[in-house]
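A.B. asks: One predicted model, sequence on top.
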Amino acid sequence: MSALLSARGLTMQFRGLLAVNAVDVEVAAGSVHGIIGPNGAGKTTFFNLISGLLRPTSGTLTLDGRDVTALPPYARTRMGLARTFQNIRMFADMSVLENVMTGMHTRLKAPGWSAVLRLPGFRAEEHAAKADAMELLEFVGLADKANGRSGSLAYGEQRRLEIARALASRPRLLLLDEPAAGMNPAETRELAVLLKQLGQRDVSLLLVEHDMGFVMDLCDRITVLNFGRKIAEGGPREIRNDPAVIEAYLGSKVAERLAKAHGA
Ligand SMILES: Nc1ncnc2c1ncn2[C@@H]1O[C@H](COP(=O)(O)OP(=O)(O)OP(=O)(O)O)[C@@H](O)[C@H]1O
């Protein structure tokens, strides 16, 4: 599989602190790639570098072979990158359908004034956009709530609405920042089922997540950060058994005791 996203030597320094330190990561087209690590490891900073909220101190980022290191977030969205946030961001007073449609603005072509005058070009585009938004709501299981107020959705539903809105820009790579945060086990399982179907839509995933069961179930490949550095990378099984990863999570003392208890 070819690399859809490639980070090379990605570094972010906040005054004296190297929050992300010379990290190389390749996200293969068609894959689900997880970023994990203990608190303060640099995951959020790494994510913000990918989406363009932060500009790296050094290193490069390419999307589909094109250098996007200096591009702002909206330009990356146009090139096929979309993201959701750790804290749900939506327009609570708008309908569920309208919220999805706000995710389409980067790909609508009719000029703004045609919307004001409601010219035929705009109306045709609006019609198509509505149909697309409905299809996305069906995909995330919210079609029956399309006309309801977004703010009245249950928490797990709001998370799915966020995903539908991010998909509305037709991304090739979707970045999910702690998608399972705050969800109960049933909602988390449903979310995993939904995300696994994204491959059929040619959407690859890069996610930061604390819920290990969810990460291990969903991801093809996992990168582990600790103190800003990449300490491990591989499939779920390799990562689960990697001594450096166990130590990073549990601390060396606990890891040693565990190894002894297992007769290693
Ligand atoms: N804007 C900033 N200015 C200064 N230091 C920062 C800034 N953002 C993050 N940091 C520091 O960079 C390090 C990495 O933080 P980051 O939030 O990326 O980690 P994380 O792995 O996402 O942590 P968590 O799992 O707790 O969310 C931390 O030491 C943090 O305090």
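C.D. replies: Received the coordinates, thanks. Just so you know, these numbers come straight off a predicted model, no measurement behind them.
A.B. asks: can you give me the strands in the chain?
C.D. replies: All strands of the chain, identified by DSSP state E, fall at 3-14, 17-28, 32-36, 58-63, 66-67, 81-84, 173-177, 204-208, 221-226, 229-234.
A.B. asks: Turn those into TSV, including mean neighbour count, mean pLDDT and distance to V140.
C.D. replies: Yep, even glycine has a C-beta here, placed from its N, CA and C like the rest. Formatted as TSV, the strands of the chain follow (neighbours: other C-beta atoms under 10 Å; pLDDT from 0 to 100; distance: least, C-beta to C-beta, whole Å):
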stretch	mean neighbour count	mean pLDDT	distance to V140
strand 3-14	18	97	22
strand 17-28	19	97	22
strand 32-36	25	96	17
strand 58-63	17	97	25
strand 66-67	10	96	29
strand 81-84	24	93	12
strand 173-177	23	95	12
strand 204-208	24	96	14
strand 221-226	23	96	24
strand 229-234	17	97	30
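A.B. asks: Can you list the buried residues in the lengthiest helix in the chain?
C.D. replies: What stands out as the longest helix in the chain, according to DSSP state H, is helix 120-140. Buried residues in helix 120-140, counting neighbours by 16 or more other C-beta atoms under 10 Å, are found at F122, E125, E126, A129, K130, D132, A133, L136, L137, F139, V140.
A.B. asks: mind listing what the last one touches?
C.D. replies: With contacts taken as C-beta atoms under 8 Å, 6 or more residues apart in numbering, V140 has the following neighbours: R160, L161, I163, A164, L194.
A.B. asks: Give me the helix or strand of this structure that scores worst on average pLDDT.
C.D. replies: Here the helix or strand of the chain ranked lowest by mean pLDDT, DSSP states H and E is helix 112-116, holding a mean of 57.
A.B. asks: end-to-end on stretch 25-36?
C.D. replies: Length of stretch 25-36, first residue to last, C-alpha to C-alpha, to the nearest Å: 13 Å.
A.B. asks: and what of stretch 39-46?
C.D. replies: 13 Å.
A.B. asks: Tell me which residues touch L54, please.
C.D. replies: Contacts of L54 (C-beta under 8 Å, 6+ apart): M12, T45, N48.
A.B. asks: Of the residues you listed, just say which sits nearest to the ligand.
C.D. replies: T45 (3.4 Å; C-beta to the nearest ligand atom).
A.B. asks: isn't the closest one right up against V20?
C.D. replies: Yes - using C-beta atoms under 8 Å, T45 is in contact with V20, at 5.1 Å.
A.B. asks: got JSON lines for the contacts of L54, with distance to L4 too?
C.D. replies: Formatted as JSON lines, the contacts of L54 follow (distance: C-beta to C-beta, whole Å):
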{"residue": "M12", "distance to L4": "21"}
{"residue": "T45", "distance to L4": "21"}
{"residue": "N48", "distance to L4": "19"}
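A.B. asks: ok, and of those residues, which contact the ligand?
C.D. replies: Contacts with the ligand within the contacts of L54, as defined by C-beta under 6 Å from any ligand atom: T45.
A.B. asks: any idea of the pLDDT on R123?
C.D. replies: Per-residue pLDDT puts R123 at 69.
A.B. asks: Could you number the chain from 48 rather than 1 from now on?
C.D. replies: With the count now opening at 48, the last piece we talked about shows up as R170.
A.B. asks: Look up how far T116 lies from L110.
C.D. replies: Look at L110 and T116: by C-beta to C-beta, to the nearest Å, they are 10 Å apart.
A.B. asks: This completes my enquiry, with thanks.
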